[in-house]
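Trainee: Provided below for reference: sequence and predicted model.
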Amino acid sequence: MNLINRLFRKRPAAQPEGLTTHTWTGSSGSQYSYEIHPLSDSFRPLPANYIYAGKSEDGQWVPLYVAQTRDLNQRLEGTGKMDDAVSHGATHIHVHISTAGQAARCTEERDLIARWHPVCNVSAES
């Protein structure tokens with residue numbers, strides 16, 4: 001099996017024990033399914049959208065920072081975005097592997113930011 005096939009092969013229908021998902025809806029009404037991981041998880045170098053998130057007092061997920069990357073393993077190392085998100089209550093990273101290209105990832109990123117106005121994205125734009 002070549003490298004490309006190994007990187008992008010589909011996972012079995014059953015998810016690893018403890019792995020859960022959350023569906024985020026953008027301002028367009030599009031829905032995106034994200035896997036939920038602890039912040040400490042490491043990832044393969046795959047293109048993805050990701051969300052640093054925490055839970056509200058009523059137990060609902062709150063997106064604190066939404067971004068896209070061509071290499072999830074590196075994310076935005078050195079930018080302090082994770083530290084900023086953690087200081088606002090982030091406890092997990094939500095991940096949506098996206099091999100549809102950068103334009104699709106950027107569209108998803110803008111769609112989610114427009115709907116949720118994550119505090120760490122808003123402060124970055126100010």
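Mentor: Sure, I can see it.

Trainee: rest of the way, CA atoms for contacts and neighbours
Mentor: Noted.

Trainee: So which bits of the longest helix along the chain are buried?
Mentor: Longest helix of the chain, by residue count under DSSP state H: helix 102-116. Buried residues in helix 102-116, counted by 16 or more other Cα atoms under 10 Å: 102, 105, 108, 109, 110, 111, 112, 113, 116.

Trainee: try stretch 74-91
Mentor: 75, 81, 82, 84, 85, 86, 88, 89, 90, 91.

Trainee: circling back to that earlier point, now find how far off-centre the longest helix of the chain is within its chain.
Mentor: 11 Å (Cα atoms, centre = their mean, to the nearest Å).

Trainee: Okay, the nearest residue to residue 44 once chain neighbours are set aside and residue 67: tell me how far apart.
Mentor: Among residues not flanking residue 44 along the chain, residue 73 sits closest, at 5.4 Å (Cα to Cα, 6 or more residues apart in numbering). Using Cα to Cα, to the nearest Å, we find residue 73 at a distance of 13 Å from residue 67.

Trainee: worst-scoring helix or strand of this structure, pLDDT-wise?
Mentor: Lowest on mean pLDDT, DSSP states H and E among the helices and strands of the chain sits helix 3-8, with a mean of 50.

Trainee: could you point out which element follows it?
Mentor: Using DSSP states H and E, the next helix or strand after helix 3-8 towards the C-terminus is strand 20-25.

Trainee: Flag every buried residue along that following strand.
Mentor: 24, 25.

Trainee: Skip the chain neighbours and tell me the closest residue to the residue nearest to the spatial centre of the chain.
Mentor: Against the mean C-alpha coordinate of the chain, by Cα atoms, centre = their mean, the closest residue is residue 50 at 1.5 Å. Excluding its sequence neighbours, the residue lying closest to residue 50 (Cα to Cα, 6+ apart) is residue 95, at 4.6 Å.
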